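Peer 1: Next come a sequence and a model predicted from it.
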Amino acid sequence: MSDKSWPLWEVFIRTRNGLAHRHVGSVHAVDATMALHAARDTYTRRGEGLSVWVVPSNAITASDPADKDMMFEPTASKIYRHPTFYDIPDDVGHM
Amino acid sequence: MTETPLFQYTLRLADTALILGHRLSEWVGHSPVIEEDLAFGNMGLDLIGQARALYTYAGAIEAKGRDEDALAYLRDAGDYRNLLLVEQPNGDFAATMVRQLLYAAFAHPYFEALSGSKDETLAAIAAKAAKEMAYHVRHAAEWTIRLGDGTDESHARAQDALDELWPYTGEMFEADQVERALIDTGIAVDPAPLRALWSKSIEDVLAEATLARPRDGHMQSGGRSGRHSEHLGHILSELQFLQRAYPGATW
């Protein structure tokens, strides 16, 4: 038996129509078809899903946590980007 | 003979589902990877769910006060009517997957047909079971393909399992007098016409798996009339232990 471990896949599930797929975890599987089975068997046991995506983990390009300051710090001071400074007329109601 | 054909028929379906469900449950905690552990648990629970619905209905037909637990836990091996195929030992991973494929590829079209039964309760149970068995077919087929068309060792193990289990497949397509009467009245499914469909779906998988279809030789039979292999007694000794040792125990 080979000791080589199976590739890792990231699992995304859409819970209800109209909502986007959300990352729920990962599974090991030999290929895409089996990854879909594993995702179904691992993450939809309580009726969570209507649609499942699996993506090879190594296909994801991620930001480096060490770049956190450069990547995300500059936005902290730009509070004007949050649409919280507008007066909403009462007639508009709940937005 | 006080048992009605409908009671016997429902009990046969229930016993097959329970025993195979129990067999799959034996893998839980022992699977090669956690993903398959969950897959076996899921498939086992599908089958045990089918068994529960069928036992409950059988108890209602019999009308002697036996509920699903009484039928599952308080009958001895000779009273069980499951197919011999499903009581065969799990063996290795390949043997369990091949057994699951051989049964599910039969059960899926069988339950689809039964969902058109004139008996509304059986039809409803079958409609739910058909969807469950469709996934079992797909999962077991994908694994069989990968094992057969995998390494030399996985191929050899899958072929051994196929050769070993093949003689138990003929029983699925038998219909005795009990079933014949129900088939004629549109309640039970005649399994014989499903054989060509089953053969085709099995052969398609085997071709992709580079596995050889065994020849149809002598077929084992007897589960429907209570003549079982030695394995069933061992299954029941574990499955029934709690209710035998602590009658009426609940949790």
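Peer 2: In hand now; what should we look at?
Peer 1: okay, CA-based contacts and neighbour counts for the rest of this
Peer 2: Noted.
Peer 1: For B:L47, give me its contacts.
Peer 2: B:17-18, B:20-21 (CA atoms under 8 Å, 6 or more residues apart in numbering or on different chains).
Peer 1: Which pLDDT value belongs to the nearest residue to A:V30 once chain neighbours are set aside?
Peer 2: Of all residues not flanking A:V30 in the chain, A:W6 sits nearest, at 5.4 Å (CA to CA, 6 or more residues apart in numbering or on different chains). Reading off the confidence values, A:W6 has pLDDT 93.
Peer 1: since we're on A:W6, how many residues are nearby?
Peer 2: If you count neighbours by other CA atoms under 10 Å in any protein chain shown, A:W6 ends up with 12.
Peer 1: Equivalent analysis for A:A32, please.
Peer 2: Residues contacting A:A32 under the criterion other CA under 10 Å number 15.
Peer 1: where do the strands sit along chain A?
Peer 2: With DSSP state E as the criterion, chain A has strands at A:8-14, A:22-28, A:51-56.
Peer 1: which of the residues in the second one are buried?
Peer 2: The reference is to strand A:22-28. Applying a neighbour-count criterion of 16 or more other CA atoms under 10 Å in any protein chain shown, one finds A:26-28 buried in strand A:22-28.
Peer 1: ok, which of these also contact chain B?
Peer 2: Restricting the buried residues of strand A:22-28 to those touching chain B (CA under 8 Å from any CA of the partner chain) yields A:27-28.
Peer 1: Could you dump the strands of chain A into CSV with distance to B:W251 added?
Peer 2: Below are the strands of chain A laid out as CSV (distance: least, CA to CA, whole Å):
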stretch, distance to B:W251
strand A:8-14, 34
strand A:22-28, 32
strand A:51-56, 35
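Peer 1: Indicate which one of those is closest to B:A161.
Peer 2: Closest of the strands of chain A to B:A161 is strand A:22-28, at 25.5 Å (criterion: CA to CA).
Peer 1: Pairing partners for the closest one, with directions?
Peer 2: Its sheet considered, strand A:22-28 pairs with strand A:8-14 (antiparallel) by DSSP bridges.
Peer 1: can you give me the angle the partner strand makes with strand A:51-56?
Peer 2: Strand A:8-14 and strand A:51-56 meet at an angle of 160 degrees, taking axes from the mean of the first three to the mean of the last three CA atoms, to 10 degrees as the criterion.
Peer 1: Output strand A:8-14 as CSV - backbone C-alpha positions only.
Peer 2: Extracted in CSV, the C-alpha atoms of strand A:8-14 (Å, rounded to 0.1, in the frame of the first residue of the first chain):
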residue,chain,number,x,y,z
LEU,A,8,-6.5,18.0,-0.4
TRP,A,9,-9.7,19.7,-1.7
GLU,A,10,-11.5,22.8,-0.3
VAL,A,11,-15.3,22.4,0.0
PHE,A,12,-17.9,25.1,-0.7
ILE,A,13,-21.6,24.6,0.0
ARG,A,14,-24.6,26.7,-1.1
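Peer 1: Pull the residues that contact that strand.
Peer 2: Residues outside strand A:8-14 that contact it (CA under 8 Å, 6+ apart) are A:20-29, A:35, A:39, A:48-58.
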